[in-house]
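Peer 1: the sequence and its predicted three-dimensional model are supplied below.
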Amino acid sequence: MMTAEAEAGLIRPQVVALVAKLRADGLSTMGAYEALGGMVGKSDTWVRKVVGRSPDVAIRLRDALSVTAAYRRLCTSIEAAADDAAASNALLQEELHAAVSSHRPAARGASGRAPAAGAAARRPGRSPASALVRPDAAARVPAAADPSLNDLPLWRALNEGE
């Protein structure tokens, strides 16, 4: 048998996390209480009592289930946003790597030979050209750099390896 304090102790952390998320989304504290109360079918006063550990708050089974369902939806949306951000970061890292490596001589494998022309791409179905590098970029760079053309150190460093 559970006491009222034990029931509140199980539900209160979820209510506090939901209020904190709503506050992070730009609502005021009272606005977060009202929004959460509307989500779980209770009043903002009930939410405030749960957060404030009021001894006269009654948490029924349906209230606990409603709070748990809202908390589960919150966790699912946060995990989905984190997965989207990780996928976006991985794609940006690949594009950055492709852009940076396009300015270097061909990489050599452990055997000291250049990789085969038909080597498989890192991700099948994706073109090896990066969105950051124009397809005609190689044609725009002169084959032999004229020292009088530009005396910038980066220009010299890019053209000394050729």
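Peer 2: Done, it's in.

Peer 1: which elements pack onto the helix or strand hosting N89?
Peer 2: According to DSSP states H and E, N89 maps onto helix 61-101. Packed against helix 61-101 by the contact rule (3 or more C-beta pairs under 8 Å, 6 or more residues apart in numbering; DSSP states H and E) you find helix 4-24, helix 29-40. (Glycine included, C-beta is placed from N, CA and C.)

Peer 1: now the angle between helix 29-40 and that helix, please.
Peer 2: 110 degrees (axes from the mean of the first three to the mean of the last three C-alpha atoms, to 10 degrees).

Peer 1: average pLDDT for helix 61-101?
Peer 2: On average, the pLDDT along helix 61-101 is 90.

Peer 1: so which of the helices and strands packed on helix 61-101 is the most surrounded?
Peer 2: Of the helices and strands packed on helix 61-101, the one with the most neighbours on average (mean count of other C-beta atoms under 10 Å) is helix 29-40, at a mean of 18.

Peer 1: which SSE is immediately downstream of that helix?
Peer 2: Assigned by DSSP H and E, the successor of helix 29-40 is helix 44-51.

Peer 1: and that following helix, what's buried?
Peer 2: Buried residues in helix 44-51, counted by 16 or more other C-beta atoms under 10 Å: 44, 46-51.

Peer 1: and the angle from it to helix 4-24?
Peer 2: 110 degrees.

Peer 1: tell me how many other residues crowd C75.
Peer 2: If you count neighbours by other C-beta atoms under 10 Å, C75 ends up with 13.

Peer 1: contact partners for it?
Peer 2: Not one residue lies near C75 by C-beta atoms under 8 Å, 6 or more residues apart in numbering.

Peer 1: how much space between it and T45?
Peer 2: 26 Å (C-beta to C-beta, to the nearest Å).

Peer 1: and G26, which of the three is it?
Peer 2: coil (DSSP: H, G, I helix; E, B strand; the rest coil).

Peer 1: count the residues that sit near it.
Peer 2: Counted with other C-beta under 10 Å, G26 comes out at 8.

Peer 1: what distance do you get for it to R72?
Peer 2: On the measure of C-beta to C-beta, G26 and R72 end up 22 Å apart.

Peer 1: with A35 instead?
Peer 2: Taking C-beta to C-beta, one finds A35 at 17 Å from R72.
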